[in-house]
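A.B. asks: Okay, predicted coordinates and the sequence, questions at the end:
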Amino acid sequence: MRWDRVAADMSAHSSDSASLEFGVLGTAGIADTAVVPAIAASDHAVGAVASRDADRAAAFAARHSIPRSYDSYEALLDDDALDAVYVPLPNGLHAEWTKRAADAGLDVLCEKPLAADAAETRDVVDHCERRGVTLMEAFMYRYHPRTERAVELAATALDDVRTVTATFRFPLYDRPNDVRLDPELAGGSLMDVGCYPVSLARAVLGVPDRAYAHAGDTRDAGVDTELAGVLAYDDGRSARVASGFDTRHVERYRVDATNGWVEVENAFDAPADERLELRYEVDGRNGVETFPAVDQYRLQVEHFADRVAADETPLTDGAAAVENMRVLDALAESAATDAPVDL
């Protein structure tokens, strides 16, 4: 991290962490609609955006009042005013540009999944550690207070959690050229949205001992557009995860234990302008907890900045990214071979 610039800005901001100036590598929809507005709403700022299309970068910069735009990612990484980068590029480009950002001395907030497979993820994590930069995988849902509460209930109020069921599906219609359908860019529903159910299952149950999966490719695209999987644990616990591009939008998870359950709807890409609920039963007592509207993307940005300032490990750090990708790899291999895969 470029501490000289951050130190100069510290007195101008009231947050616990110094103000960071972000560069954004790409103009993806998630950056446009969620993460860049979240940075702008925080005590941090976006100083530059880059695209391989100069007009697209300039339009994005104008839309978000970003002072500088570049027609190449390399040019943005040469911008000495930046402290960190946000990487919302297609999955298959995450590893290269995260490493190149680290080479430029920039801390990195990278969209999930961090890389295309577990081996590449380990390489990225090791590279960032050698460069001494903070690396965080952008699993924004982990920073919502409702998620924190659900994980806490599972750990402290539920006895002997036996199963987790988690689903994230949405309709990807009439978009045949979408990068999420490109196998060369590590596309597919498992990589795009299946990573969320896997992340939730790991948060509650840990890394499974084996994985089973079945997948379909309804677009003949060379990637899964539907996947259903089972994560099995040697002690008999299990998780059921599902992802897809072919059905109506659904995001939910449920944790079942011997003495009760926790259930969440609108679970992962939670709206920033709505109060949200968490439902549970513990020892025969039913409850509903309501959470005020919050922007989980802003909370994610603030967590990242706080960890950078404190030189501490983020919640969704490189080690967690490797663990999640190991499970994704196992599910993909099982779907391809029609056989269970040990982790």
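C.D. replies: Received, thanks. Numbers count the residues shown, from 1 in each chain.
A.B. asks: give the contact list for residue 195.
C.D. replies: Contacts for residue 195 (CB atoms under 8 Å, 6 or more residues apart in numbering) come out as 112-113, 139, 324, 328. (Glycine included, C-beta is placed from N, CA and C.)
A.B. asks: rerun at 10 Å
C.D. replies: For residue 195, the contact set (CB atoms under 10 Å, 6 or more residues apart in numbering) comprises 91, 112-114, 137, 139, 168, 189, 241, 243, 268, 321, 324-325, 327-328.
A.B. asks: Could you grab the helix/strand/coil label for it?
C.D. replies: For residue 195, the assignment made with DSSP: H, G, I helix; E, B strand; the rest coil gives helix.
A.B. asks: all helices of the stretch 101-250 of the chain, in order?
C.D. replies: For the stretch 101-250 of the chain, the helices defined by DSSP state H, counting those that start in this stretch occupy 118-131, 145-156, 189, 195-205.
A.B. asks: hey, which helix is longest across this structure?
C.D. replies: helix 318-337 (DSSP state H).
A.B. asks: Quick one: mean pLDDT for the helix or strand just after that helix?
C.D. replies: Note on helix 318-337: by DSSP states H and E, the next helix or strand toward the C-terminus is strand 341-342. Taken as a whole, strand 341-342 has a mean pLDDT of 98.
A.B. asks: neighbouring strands for strand 341-342, and are they parallel or not?
C.D. replies: Next to strand 341-342 in the sheet, as set by DSSP bridges, lie strand 210-216 (antiparallel).
A.B. asks: what angle sits between the strand it pairs with and helix 195-205?
C.D. replies: On the basis of axes from the mean of the first three to the mean of the last three CA atoms, to 10 degrees, strand 210-216 is oriented at 160 degrees to helix 195-205.
A.B. asks: For strand 210-216, list every residue counted as buried.
C.D. replies: Residues 211-213, 215 are the ones in strand 210-216 that count as buried (16 or more other CB atoms under 10 Å).
A.B. asks: What is the nearest of those residues to residue 25?
C.D. replies: Closest approach between the buried residues of strand 210-216 and residue 25, by CB to CB: residue 215, at 29.9 Å.
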